[in-house]
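Visitor: From the sequence below, what's the structure:
(one chain, ligands or ions: 1)
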Amino acid sequence: MKFMNNYNDYVEHSKKITDLNMSMAVLGWDQETKMPKNGSRFRAQQLSTLAEISHELSINKDYGNLLNNLNSDNSLNSDQKRNISLSLKAFNKCKKYKSEFIIKESKLVSNAFQKWRLAKEKNDFSIFESCLTKLVDLRIKECEILGYDNHPYDALLNQYEPGLTTNEVDEIFSNVKEFLVPFIKRISKSNKIDDSFYYQKYSHNKQWDFGIELLKKMEYNFDSGRQDLSTHPFSTHFSPEDTRVTTRIDENNLSEMIWSCIHEGGHALYEQGILSENYGLPLGETISLGIHESQSRLWENNVGRSLEFWKYNYESLKSVFPNQLSNVTIDDFYKAANNVKPSLIRTNADELTYHLHVLIRYEIEKALIEGKIKVKDLPEIWNLKYQEYLGLEVPSDDLGVLQDIHWSHGSFGYFPTYTIGSFYAAQFFNQAKIENPNLLQEIENGNNKNLLNWLRKNIHKNGKRLDANKLCEKISGEKLNFKYFKQYVIKKYSKIYNL
Ligand code: CO
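Guide: The predicted structure is shown next:
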């Protein structure tokens, strides 16, 4: 490796690390969409070789020295300084992990994933229990390795949402409890919405074509992306010029395709809006999972479940499925898209009860990391919380504590980003409407360009220039505030449910 001594050398090295990581993403995408069954053995090996090289480059000693030197170089401009400071932070974090930890973690995770899948299939938590216990212990150790100011869980949160603290998440969820729990109870006592028309037969190909049309209407650029099918919808990116989405089509459920397409499209628009000139540098990366999720939720919920959006799009949907929707008015369709109904499975939950699912996971994770509860008691604790917050009896663990993949991957601290993403979305969308009073009218006319431009200018093109909380302050004049989500919810659902 050549000797590195200036900012350009840093850029070159940082781009190399990104090239490797993006190549891994291509292989990962292929694995989920196209790869034949027998490809898995060598694919795992190929991915792990690339991960090893990437890690070596990330903790390279000369690179570290260069970062430390450049960090006190006053001739750099503010963007360059920002890049160096974030790269140095990432470097120092990488260095905290001994290779034994990484090896132990990767073995444990791959074993836990197999055990979780089997446990879910057999509906038997005990199969997963000992692996999960080891994973929790590993994460508790990791909190100590990474360090934290107030609460060990802070260290885990920071992996996904830099700067977010357990105290802040506690405050957010106390708002959720105080407002959403009684609000949802009021809705449950009100008139039921009929959404049975979603569950007729809708042909695969017609659904597929309609999903592509939705993405085009959101201004998703198919010259810099594509859509494919996968078991679980996701989005991934290899550069701002190649940002992909996947969807899942259930012929007996129209709603799943529609809103997962819009959701993943929202993620992809964020990645397509990153500036190519910053490829390979922190300023060429998205801020955090919470901000990422704010983009997908803004499109999925604030736009994609609004009456305005469907005033424009419903006729074309109806022309694709004239028989299925012949007796369904736009009002019926809109209400069904916003049907609030407590259910067992997080990924199928509506826009409101969703956050109670996340609240339950957060409370459990925090207590596990604090050592206040034991893994073996999780099924019982889980079921009690579903009774308390959602009023539901959990009939079996595969529909309860075993439903999510996250813990099998060892991901703790991830779930709260889903909820704060929705709250950021409400705050950003509110601000976009203030700055453009015609916004809803534009959406009703099928014009989403100004909204996208607003997101591009205020969020996407800035990459990691600001932390999430600073970005939020810059955009809306204050830090994340639950009141915007609350206002949005009261206005929308009071009307739908005549409250
Ligand atoms: Co998402």
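Visitor: for the longest helix seen in the chain, packing partners?
Guide: Taking DSSP state H as the criterion, the chain has its longest helix at helix 7-33. Applying 3 or more CB pairs under 8 Å, 6 or more residues apart in numbering; DSSP states H and E, one finds that helix 7-33 contacts helix 40-58, helix 61-71, helix 78-96, strand 235-239, strand 242-247. Using the backbone N, CA and C atoms, a C-beta is placed for each residue, glycine as well.
Visitor: Nearest spatial neighbour of the residue nearest the centre of the chain, chain-adjacent residues omitted?
Guide: With distances taken as CA atoms, centre = their mean, the chain has Glu293 as the residue nearest its mean C-alpha position (4.4 Å). Closest residue to Glu293 apart from its sequence neighbours, by CB to CB, 6 or more residues apart in numbering: Gly421 at 2.6 Å.
Visitor: Next, the buried residues of whichever strand or helix holds that neighbour.
Guide: Assigned by DSSP states H and E, Gly421 falls within helix 416-435. Buried residues in helix 416-435, counted by 16 or more other CB atoms under 10 Å: 416-432.
Visitor: which other helices and strands contact that helix?
Guide: helix 166-175, helix 289-297, helix 354-369, helix 439-444, helix 449-458, helix 468-476, helix 483-497.
Visitor: again, only using 6 Å
Guide: When contacts are defined as 3 or more CB pairs under 6 Å, 6 or more residues apart in numbering; DSSP states H and E, helix 416-435 packs onto helix 289-297, helix 354-369, helix 468-476, helix 483-497.
Visitor: relative to helix 289-297, how tilted is the longest one?
Guide: Read it as helix 354-369. 160 degrees (axes from the mean of the first three to the mean of the last three CA atoms, to 10 degrees).
Visitor: Make residue 1 into 370 and carry on from there
Guide: Shifting the count to begin at 370 puts that one at helix 723-738.
Visitor: what are the C-alpha coordinates of helix 723-738, in PDB please?
Guide: Extracted in PDB, the C-alpha atoms of helix 723-738 (Å, rounded to 0.1, in the frame of the first residue of the first chain):
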ATOM      1  CA  TYR A 723     -47.400  -0.200  14.800                       C
ATOM      2  CA  HIS A 724     -45.800   1.900  17.400                       C
ATOM      3  CA  LEU A 725     -47.200  -0.200  20.200                       C
ATOM      4  CA  HIS A 726     -45.400  -3.200  18.700                       C
ATOM      5  CA  VAL A 727     -42.200  -1.200  18.700                       C
ATOM      6  CA  LEU A 728     -42.800   0.000  22.300                       C
ATOM      7  CA  ILE A 729     -43.100  -3.600  23.400                       C
ATOM      8  CA  ARG A 730     -39.800  -4.600  21.800                       C
ATOM      9  CA  TYR A 731     -38.100  -1.600  23.200                       C
ATOM     10  CA  GLU A 732     -39.200  -2.300  26.700                       C
ATOM     11  CA  ILE A 733     -38.000  -5.900  26.400                       C
ATOM     12  CA  GLU A 734     -34.600  -5.000  24.900                       C
ATOM     13  CA  LYS A 735     -33.900  -2.400  27.500                       C
ATOM     14  CA  ALA A 736     -34.700  -4.700  30.400                       C
ATOM     15  CA  LEU A 737     -32.600  -7.500  28.800                       C
ATOM     16  CA  ILE A 738     -29.600  -5.200  28.500                       C
END
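Visitor: So what's the gap between that helix and the chain middle?
Guide: 16 Å (CA atoms, centre = their mean, to the nearest Å).
Visitor: Quick one: mean pLDDT for it?
Guide: Per-residue pLDDT over helix 723-738 has a mean of 98.
Visitor: for the last one, same thing?
Guide: Averaging pLDDT along helix 852-866 gives 97.
Visitor: do the same with stretch 809-816
Guide: 98.
Visitor: Which positions in it come out as buried?
Guide: Quick answer for stretch 809-816 (16+ other CB under 10 Å): 809, 811-813, 816.
Visitor: just stretch 546-564 next, same as before
Guide: Quick answer for stretch 546-564 (16+ other CB under 10 Å): 548-550, 552-553, 556, 562, 564.
Visitor: same thing with stretch 673-688?
Guide: 673-683, 686-687.
Visitor: pLDDT below threshold where in the stretch 370-519 of the chain?
Guide: By pLDDT under 70, the weakly predicted segments of the stretch 370-519 of the chain are 370-371.
Visitor: quick revisit: return the distance of the residue nearest to the centre of the chain relative to Ser791.
Guide: 7 Å (CB to CB, to the nearest Å).
Visitor: Next: Gln449.
Guide: In terms of CB to CB, Gln449 sits 34 Å off from Ser791.
Visitor: and Asn443, helix, strand or coil?
Guide: At Asn443 the chain is in coil, as set by DSSP: H, G, I helix; E, B strand; the rest coil.
Visitor: Now do it: how many residues are near it, please.
Guide: For Asn443, the tally of surrounding residues (other CB atoms under 10 Å) stands at 5.
Visitor: Likewise for Val709?
Guide: 21.
Visitor: Am I right that it falls within a helix?
Guide: No - assigned with three-state DSSP, Val709 falls outside any helix and is coil.
Visitor: ok, it to Leu728 distance?
Guide: 16 Å.
Visitor: again, but for Ala488
Guide: Ala488 is 24 Å from Leu728, by CB to CB.
Visitor: likewise Asn671?
Guide: Taking CB to CB as the measure, Asn671 and Leu728 are separated by 21 Å.
Visitor: before we move on, what about Leu526?
Guide: Using CB to CB, Leu526 is found at 15 Å from Leu728.
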